[in-house]
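Student: Next input, structure requested:
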Amino acid sequence: MTDKTDPSSAAAGNPGDPRGPVPAAVPPLGMAARRGGSAAAALGHVVRRLRQPLPGAQPRLRFEMPPEYTGQLPEEDHDGGEEPQFGHPGPRMSPQHPLYMGFMGTVGVGLALLVYWIGSHTTQLLLWIVAALFIALGLEPVVGWLEGRKIPRPAGILVSVAVLMGAVVGFFATLIPTIVEQVSEIVRQAPDWVRNFMDSDLFRSLDDQFGVRDRITEELNKFVNDPAAMGGIFGGVLGFGSTVANSLFGALIVLVLSLYFLAALPAMKKWGYRLAPRSRRKRVAALSEEITRSVGNYVIGQACVALLNATFAFVVMSIVGIPFALLLAFVVVLLAFIPLVGGMIAGIVVTLVSLTEGWQVAAIYAVCYFAYLQFEAYFISPRIMQKAVAVPGAVAVISVIAGGSLLGVLGALIAIPTAAAVLLLVREIYIVRQDQH
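Tutor: Below you'll find the predicted structure:
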């Protein structure tokens, strides 16, 4: 007969049993820990799977620099090692070979014609590239200074470009409302100026002698009734709008190219140095670094000089009461970027405008501004540009005129750095070579 014992009594045990009560069944102490560990492991597995690339995805290909060739063929691997992917470079063909001379001469002429054709059809793009490279070289010392302060290069590039763009946007945000206001004031006062001139004794005497009033009225009627003239006005407005749109597009292209050039400048230098022969690579690198350093310091120094020049001109114009002071200060800062002659041109322009307020005002401004130009030439500019470039005065004037004739304002801006680079190459290469003979 089977003994069917109550589970509760069995769990409680027999009081008289010397073994004592039987403990109840409890879960193991490590079960909760094992469950937590399995959840963490599952989560870690999911994270690892998410970090893995998609099936079939491949890493992005990068154009890597080839290893440096020392001129000695590596010894054959007797252990059956694999050969390089493209084999070892073989001996060069003799330059005196007729086939080599004829082929290379033909290729040289063809490449020269191709470069000329491309340059003549992409002039605007080349100007954008030169401007972007000029800006990148100008910002490179700032980025290098930030790198010296333990700031990563990408962050330094973003900070430099952001500060530059913020300064430009803030300047134009302050300038454009003033320009609109002052141009509106000119348009509002223009009829009064014309009326006062026509009522003057000078105009009356000219009208009595030459019939100026009737002649002006006749020409105005012809102009209004001429469809070609009115179409020319409409076409001029469209042309102005197209010029503004092209300028904005060009500014965007220059900004993007400047970012790319600034980010890739170390790699561009490295690739450029590898194009030189290995025996001369160290010297080429030293000369190139000196040229780029001089150009960068020149751009920053010229910007500081132009800002100081425009600030002084604005203060003097505000004190003596010259109209449109902020607009003229904008003209001054643009012209002051042109070395040597820019400040003189800016002084003459503002002096001519100040004649509208009287010759006394024009004389006071001319004396103050041209005195400042002398102070700038002997005290301010030498201290700011001491780490930039040193070019003789005659060479600087000739280079600025030639650069302005070839490329306009951009050519005048890059003329002195280019002249400094040419002088450095002549001094360190040609003159040294001539002294050795």
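Student: element containing the nearest residue to residue 151 once chain neighbours are set aside, please.
Tutor: Spatial nearest neighbour of residue 151, excluding adjacent residues (CB to CB, 6 or more residues apart in numbering): residue 159 at 7.5 Å. For every residue, glycine as well, the C-beta is placed using N, CA and C. In the assignment (DSSP states H and E), residue 159 maps to helix 153-198.
Student: for the record, mean pLDDT for that helix?
Tutor: In this model, helix 153-198 has an average pLDDT of 77.
Student: Which SSE is immediately downstream of it?
Tutor: Following helix 153-198 in sequence, per DSSP H and E, is helix 201-210.
Student: what's the angle from that following helix to helix 153-198?
Tutor: Between helix 201-210 and helix 153-198, the angle comes out at 60 degrees (axes from the mean of the first three to the mean of the last three CA atoms, to 10 degrees).
Student: helices or strands up against the helix holding residue 159?
Tutor: helix 123-148, helix 227-274, helix 325-336 (3 or more CB pairs under 8 Å, 6 or more residues apart in numbering; DSSP states H and E).
Student: Tell me the secondary structure at residue 369.
Tutor: With DSSP: H, G, I helix; E, B strand; the rest coil as the basis, residue 369 sits in helix.
Student: so what's it up against?
Tutor: The contact partners of residue 369, taken as CB atoms under 8 Å, 6 or more residues apart in numbering, are 312-313, 316, 347, 350-351.
Student: Let's see if you can find the most crowded of the residues you listed.
Tutor: residue 313 (26 neighbours; other CB atoms under 10 Å).
Student: Tell me which helix or strand that residue sits in.
Tutor: Assigned by DSSP H and E, residue 313 falls within helix 281-320.
Student: how big is the angle separating that helix from helix 123-148?
Tutor: Using the same axes, to 10 degrees: helix 281-320 against helix 123-148 is 100 degrees.
Student: Which neighbouring elements make contact with helix 281-320?
Tutor: So helix 281-320, by 3+ CB pairs under 8 Å, 6+ apart, packs with helix 123-148, helix 227-274, helix 325-336, helix 342-354, helix 359-375, helix 381-384, helix 409-425.
Student: And those: which comes nearest residue 289?
Tutor: helix 227-274 (7.8 Å; CB to CB).
Student: How many residues are close by residue 322?
Tutor: Residue 322: 23 surrounding residues under other CB under 10 Å.
Student: what sits against it?
Tutor: 328, 350, 353-354, 357, 361, 365.
Student: Would you mind finding the most buried of the helices and strands packed on helix 153-198?
Tutor: Of the helices and strands packed on helix 153-198, the one with the most neighbours on average (mean count of other CB atoms under 10 Å) is helix 325-336, at a mean of 20.
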